[in-house]
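Visitor: Any chance you can model this:
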Amino acid sequence: MGTATPDPQAFLRGLFDTAVAAVSPAICVPPHLPAPPKGRTVVIGAGKAAAAMAAAVEAHWPADKPLSGRVVTRYDHGAPTARIEVVEAAHPVPDAAGEQAAAAMFELVKGLTADDLVLCLISGGGSALLALPAPGLTLADKQAVNRALLKSGANIHEMNCVRKHLSAIKGGRLALACAPARVVTLSISDIPGDDVSVIASGPTVADPTTREQALAILNKYRIEVPAPVRARLESPACETPKPGDPRLANGETQVIATAQQALQAAASYAREHGVTPLVLGDSIEGESRDIAYMHAAIARQIAQHGEPVQRPCVILSGGETTVTVRGDGRGGRAAEFLLALASVLDADQLGAWALACDTDGIDGTEDNAGAWFGPDLPARAAERRLASADFLARNDGYSYFAALDRLIVTGPTRTNVNDFRAIYLP
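Guide: Numbering: from 1, shown residues only. Predicted coordinates for the structure are as follows:
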């Protein structure tokens, strides 16, 4: 065992970089590739990791075997490919490029035979990127619903339940279009619990949720939707293919990268540096600020009582928190978590360091992955007359940490297993 790192800031960044590297498509895709079929192989897919996954497939697919296809990813998340076309579209609110890509994907899988293989590459973000409205709906309808869901505080399971029932491609419908070809889906999970029917709204997976549940979610969050949307959800025609549907029998799905894998890699990194890891969980959900308060309480228990572990240690967690937008500030889930943590942690007294980032490199819709702070935070904030409570009230974590020069900017990582949080107590 080594000794605790002399540079806490570098240690925090090392934890994050190690976690992201562990779930890179270049590492996770090759071991799970199926054998080439007798006929054609058509690659389709969507998500923030889709282009990098496609590149990994190309790099390890036999040169003498047919390979073609199309995947859609977020703008600026592309990767160089030669045999598989990469299309970029908008996220988290869909745009016309995503709609066109989804329609083209349907055309691509038409006319396949039982000798053919459809290799579907799915990762977080695919739900917005595969934007093909159900009959009777427009892209504007879907955009309005997406915006309202994103601001409501609904969790990803709830959001994707609604999305599946308003789509012509999600909730198993893409798999129906691929028949009678074999469909193999490789998924990088950004979903707490790694439910394959929720990752990117499960375009090739049976959907256990119902239109009645979708309506209940809209009512729960008091979301007003366009009249055609409500009419669609009230019609039995919007129901998705369910588990046990024989039309989906020729499909299989593998989850090839998860938040747990990222946390395990970070925990190993900590041990190598003589630091005890305390992994709280890979599927933590709830309001970002409430999760921050819980993390702060655990950090204080360690600092004051040496329980449940002793220093030097690092608290690690993953999952997907939510932010109910109350103000007009900037920042995503990571900045909100860290801002709330800063408001209650007393970093100077505890000697605490903290980092919170999104593993896809984009916190919400900003240009940063997240942020970090150390024991000097209270003094730095006081010098600049920055009150964390004021910034928290308007959901403005980005501006707070930008003013303190504590943002973490990585650019797109081209993978996505959601939140990564670390609190280091040397």
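
Visitor: and residue 378, what is it in contact with?
Guide: Residues near residue 378 by CB atoms under 8 Å, 6 or more residues apart in numbering: 346, 347, 348. Heads up, the C-betas are built off the backbone N, CA and C, glycines and all.

Visitor: ok, now residue 135?
Guide: With contact set as CB under 8 Å, 6+ apart, residue 135 has these partners: 168, 237.

Visitor: Can I take it that it is in a helix?
Guide: No: in this structure, residue 135 is coil, not part of a helix, as judged by DSSP: H, G, I helix; E, B strand; the rest coil.

Visitor: Can you tell me which of the contacts of residue 378 are buried?
Guide: Listed as buried from the contacts of residue 378 are 346, 347; burial here means 16 or more other CB atoms under 10 Å.

Visitor: Including pLDDT and distance to residue 65, could the contacts of residue 378 go into JSON lines?
Guide: JSON lines is the format used below for the contacts of residue 378 (pLDDT from 0 to 100; distance: CB to CB, whole Å):
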{"residue": "346", "pLDDT": "91", "distance to residue 65": "60"}
{"residue": "347", "pLDDT": "94", "distance to residue 65": "55"}
{"residue": "348", "pLDDT": "94", "distance to residue 65": "60"}
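
Visitor: What are the boundaries of the strands in the stretch 201-350 of the chain?
Guide: For the stretch 201-350 of the chain, the strands defined by DSSP state E, counting those that start in this stretch cover 251-257, 276-287, 313-322.

Visitor: Return the most buried member of these.
Guide: Ranked by average neighbour count under the criterion mean count of other CB atoms under 10 Å, the strands of the stretch 201-350 of the chain are headed by strand 313-322 at a mean of 24.

Visitor: Can you list the strands that that one pairs with?
Guide: Next to strand 313-322 in the sheet, as set by DSSP bridges, lie strand 276-287 (parallel), strand 419-425 (antiparallel).

Visitor: follow-up on the earlier one: reformat the strands of the stretch 201-350 of the chain as JSON lines; add distance to residue 371 and mean pLDDT.
Guide: Conversion of the strands of the stretch 201-350 of the chain to JSON lines gives the following (distance: least, CB to CB, whole Å; pLDDT from 0 to 100):
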{"stretch": "strand 251-257", "distance to residue 371": "24", "mean pLDDT": "97"}
{"stretch": "strand 276-287", "distance to residue 371": "18", "mean pLDDT": "96"}
{"stretch": "strand 313-322", "distance to residue 371": "15", "mean pLDDT": "95"}
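
Visitor: Point out where the stretch 101-250 of the chain drops to low pLDDT.
Guide: Within the stretch 101-250 of the chain, no stretch has pLDDT under 70.

Visitor: So what touches the helix or strand where residue 128 lies?
Guide: The secondary structure element spanning residue 128 is helix 126-129 (assigned by DSSP states H and E). Applying CB under 8 Å, 6+ apart, the external contacts of helix 126-129 come out as 45-47, 50, 72-74, 89-94, 98, 101, 146, 159-160, 163, 170, 199-201, 203.

Visitor: Take the strands of the stretch 201-350 of the chain and write them to TSV, including distance to residue 409.
Guide: Shown next, in TSV, are those (distance: least, CB to CB, whole Å):
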stretch	distance to residue 409
strand 251-257	23
strand 276-287	24
strand 313-322	21
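
Visitor: Show me the one of those strands that comes nearest residue 302.
Guide: Among these, strand 313-322 comes nearest to residue 302, with 6.2 Å by CB to CB.

Visitor: So which of the contacts of helix 126-129 are in helices?
Guide: 50, 98, 101, 146, 159, 160, 163 (DSSP state H).

Visitor: Tell me who's in contact with the first one.
Guide: Just to be clear, that refers to residue 50. Residue 50 neighbours (CB under 8 Å, 6+ apart): 71, 72, 73, 77, 86, 121, 122, 123, 126, 129.

Visitor: Residue 174: neighbour count?
Guide: Using other CB atoms under 10 Å, residue 174 is surrounded by 29 other residues.

Visitor: Point me to the helix or strand that includes residue 196.
Guide: Following DSSP H and E, there is no helix or strand that holds residue 196.

Visitor: Ramachandran angles for it?
Guide: Backbone dihedrals for residue 196, given as degrees, to the nearest 10, come out at phi -70, psi -20.

Visitor: Now do the domain split for this structure, please.
Guide: Per the record, the chain has its domains at 8-20+260-425, 25-257, by automatic domain parsing.

Visitor: sorry, back to before: with distance to residue 136 as extra columns, can I get the strands paired with strand 313-322 in TSV?
Guide: Compiled in TSV, the strands paired with strand 313-322 are given as follows (distance: least, CB to CB, whole Å):
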stretch	distance to residue 136
strand 276-287	33
strand 419-425	36
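
Visitor: if we can go back for a sec, ok, the contacts of residue 50 vs residue 385, which is closest?
Guide: residue 77 (37.8 Å).

Visitor: Just list the residues touching the closest residue to the closest one other than its chain neighbours, thanks.
Guide: Computed as CB to CB, 6 or more residues apart in numbering, the closest residue to residue 77 that is not its neighbour in sequence is residue 412, at 4.7 Å. Neighbouring residues of residue 412 by CB under 8 Å, 6+ apart: 48, 74, 76, 77, 360, 361, 362.

Visitor: And residue 387, by the same measure?
Guide: So residue 387 contacts residue 381 (CB under 8 Å, 6+ apart).

Visitor: So for residue 15, which of the strands of the stretch 201-350 of the chain sits nearest?
Guide: Among the strands of the stretch 201-350 of the chain, strand 313-322 comes nearest to residue 15, with 6.9 Å by CB to CB.
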